[in-house]
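**Student:** 3D, please:
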Amino acid sequence: MSELAHSPEPLLPPLVTAAYVACVAGAAALANCSVLAALFKTSRSGLLTIILQLAIADFVLGASLCSELWSFNARTWVFGNQSCIAYRGLSVFASTVSCYLVATIALHSLATVNFEEKSLTKHIKRNEQDEDEEIRSSRHSLVTSSDSSTPPRTMNLDYRVSSKRISVIQPTIFIWILSVSLSIPEFVLATTVHFDHNIVMCTIVDTSQRLYMYSILAVLNLFLPIVVMSVAGVLVILKLRLRSLLSQIECFESISSLKLSLWLIIVYMVLCSPRSIVTAYSVYSKTSQGNQTSLAHTNEMASVNLATSSTYIVSTLVRPLLSIILLPRVRKSFSFGSYIQADNV
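**Tutor:** Numbering: from 1, shown residues only. Predicted coordinates for the structure are as follows:
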């Protein structure tokens with residue numbers, strides 16, 4: 001009875017936490033399933049393939065964040081040791097996949113637009129050469145028009161559009177392999193630790209291994225994606241400012257993909273990166289204290305963790321909604337009736 005008396009009080013009423021998780025996570029699961037269903041009934045290549053993988057990653061990430069939110073609010077882990085192992089491994093796996101897929105979307109959109117700009121430049125230059133040749137031929141025909149044996153000149157135009165597909169197989173395979181590699185230590189070393197006052201923590205006990213692992217995660221799962229997204233975001237903004245050139249590009253979904261990639265980067269910076277930063281700070285501060293008791297969350301840290309995890313789970317809802325709103329092919333998949341498929345992105 002004394003243990004129950006000293007049990008940590010929840011930060012928020014459990015009913016409030018349950019309602020928030022049910023509404024946000026449920027809406028996110030529905031949105032991601034809708035995106036998956038829409039993409040499964042249309043042809044996919046390039047960007048849409050990455051969007052499909054991002055929806056799968058967000059679905060897994062949202063499921064793992066539900067238990068995280070509940071444990072942060074209750075200030076103890078109540079789901080058992082096996083659930084702890086699954087949560088920590090899937091959380092690292094899905095968060096790594098999602099952040100790198102967002103960066104890949106931005107880089108792929110930039111590569112597609114650059115390819116189309118080069119194709120447009122070549123097309124304009126070829127038209128100018130054809131016009132010069134036509135003028136020279138017309139002048140020549142005035143001189144030789146009396147020669148009836150000369151066959152009439154015909155000009156064959158090649159209207160075939162060069163492929164605009166840029167392969168995403170290699171980068172996506174690398175992303176999934178990297179994510180699996182980073183999550184394996186969590187699956188192996190994660191466990192529950194019991195403290196006084198009926199407190200249970202889901203963590204990694206080995207201090208040296210924990211510091212080594214999270215140093216790698218801080219580099220590969222936080223700083224590197226932020227650097228790549230920041231550079232890609234600046235390039236996307238500069239590209240979107242070239243309205244005169246972009247207006248001549250035929251594939252309108254390439255412009256939509258630039259806007260989508262910019263919004264996804266903003267969503268990651270605002271809603272996702274705070275959780276990663278707080279997690280890294282928490283691990284390094286606790287490890288520096290050098291004892292297992294330091295693993296327990298203080299009231300302030302528990303509140304911060306709850307707030308950052310709450311915003312993180314919102315990103316799993318916002319990302320599929322952005323895909324539906326900004327990408328014409330995904331949006332049209334939700335309309336009834338037939339539609340003309342746009343060019344592949």
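
**Student:** now the strand or helix carrying residue 52, how far from the centre of its chain.
**Tutor:** Using DSSP states H and E, residue 52 sits within helix 47-74. Taking the mean of its C-alpha atoms, helix 47-74 sits 11 Å from the chain's own mean (C-alpha atoms, centre = their mean, to the nearest Å).

**Student:** what mean pLDDT does it have?
**Tutor:** Taken as a whole, helix 47-74 has a mean pLDDT of 93.

**Student:** now do stretch 86-102
**Tutor:** Computed over stretch 86-102, the average pLDDT equals 95.

**Student:** Tell me which residues of it come out buried.
**Tutor:** For stretch 86-102, burial by neighbour count (16 or more other C-beta atoms under 10 Å) applies to 86-102. (Glycine included, C-beta is placed from N, CA and C.)

**Student:** same thing with stretch 223-243?
**Tutor:** 225-226, 228-229, 232-233, 235-236, 239.

**Student:** now, which of those sits nearest residue 274?
**Tutor:** residue 226 (11.6 Å; C-beta to C-beta).

**Student:** The closest one: what's it in contact with?
**Tutor:** Neighbour list for residue 226: 269, 273 [criterion: C-beta atoms under 8 Å, 6 or more residues apart in numbering].

**Student:** quick one: low-confidence ranges for the stretch 151-300 of the chain?
**Tutor:** Filtered on pLDDT under 70, the stretch 151-300 of the chain yields the residue ranges 151-165, 206-209, 243-252, 286-298.

**Student:** 80 - rerun?
**Tutor:** Flagging of the stretch 151-300 of the chain using pLDDT under 80 yields the residue ranges 151-166, 196-198, 205-214, 242-254, 282-300.

**Student:** Now the spatially most central residue of the chain: which helix or strand?
**Tutor:** Centroid-nearest residue in the chain, with C-alpha atoms, centre = their mean: residue 102, separated by 2.9 Å. Here residue 102, judged by DSSP H and E, is contained in helix 81-143.

**Student:** related to what we said a few turns ago, can you put the buried residues of stretch 223-243 in CSV and add secondary structure and distance to residue 178?
**Tutor:** Formatted as CSV, the buried residues of stretch 223-243 follow (DSSP: H, G, I helix; E, B strand; the rest coil; distance: C-beta to C-beta, whole Å):
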residue, secondary structure, distance to residue 178
225, helix, 11
226, helix, 16
228, helix, 13
229, helix, 16
232, helix, 18
233, helix, 21
235, helix, 23
236, helix, 23
239, helix, 27
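
**Student:** measure the residue nearest to residue 240 when sequence neighbours are not counted to residue 184 for me?
**Tutor:** Sequence neighbours aside, residue 258 is the residue nearest to residue 240 in space, at 5.7 Å (criterion: C-beta to C-beta, 6 or more residues apart in numbering). Going from residue 258 to residue 184 by C-beta to C-beta, to the nearest Å gives 35 Å.

**Student:** higher neighbour count, these two?
**Tutor:** Neighbours per residue, other C-beta atoms under 10 Å: of residue 258 and residue 184, the larger number sits with residue 258, 23 against 13.

**Student:** got a list of what the more buried one touches?
**Tutor:** 109-110, 113, 236, 239-240.

**Student:** Just name the closest of these to residue 172, please.
**Tutor:** residue 109 (14.7 Å).

**Student:** how much space between the closest one and residue 327?
**Tutor:** Residue 109 is 11 Å from residue 327, by C-beta to C-beta.

**Student:** So if I had to pick from these two, which one is more boxed in?
**Tutor:** Ranked by neighbour count (other C-beta under 10 Å), residue 109 and residue 327 place residue 109 first, with 30 against 24.

**Student:** so the more buried one makes contact with residue 263?
**Tutor:** No: using C-beta atoms under 8 Å, residue 109 is not in contact with residue 263; the gap is 11.5 Å.

**Student:** The residue nearest to the centre of the chain - nearest residue in space that isn't next to it in sequence?
**Tutor:** Ranked by C-beta to C-beta, 6+ apart and with sequence neighbours excluded, the top spatial neighbour of residue 102 is residue 264, at 4.7 Å.

**Student:** Check whether the one you found really touches residue 322, as I assumed.
**Tutor:** Yes: assessed by C-beta under 8 Å, residue 264 is found in contact with residue 322 at 6.5 Å.

**Student:** out of those two, which sits in the busier spot?
**Tutor:** Between residue 264 and residue 322, counted using other C-beta under 10 Å, residue 264 has the larger neighbour count: 27 against 20.

**Student:** Return the distance of stretch 81-92 from the chain's centre.
**Tutor:** 21 Å.
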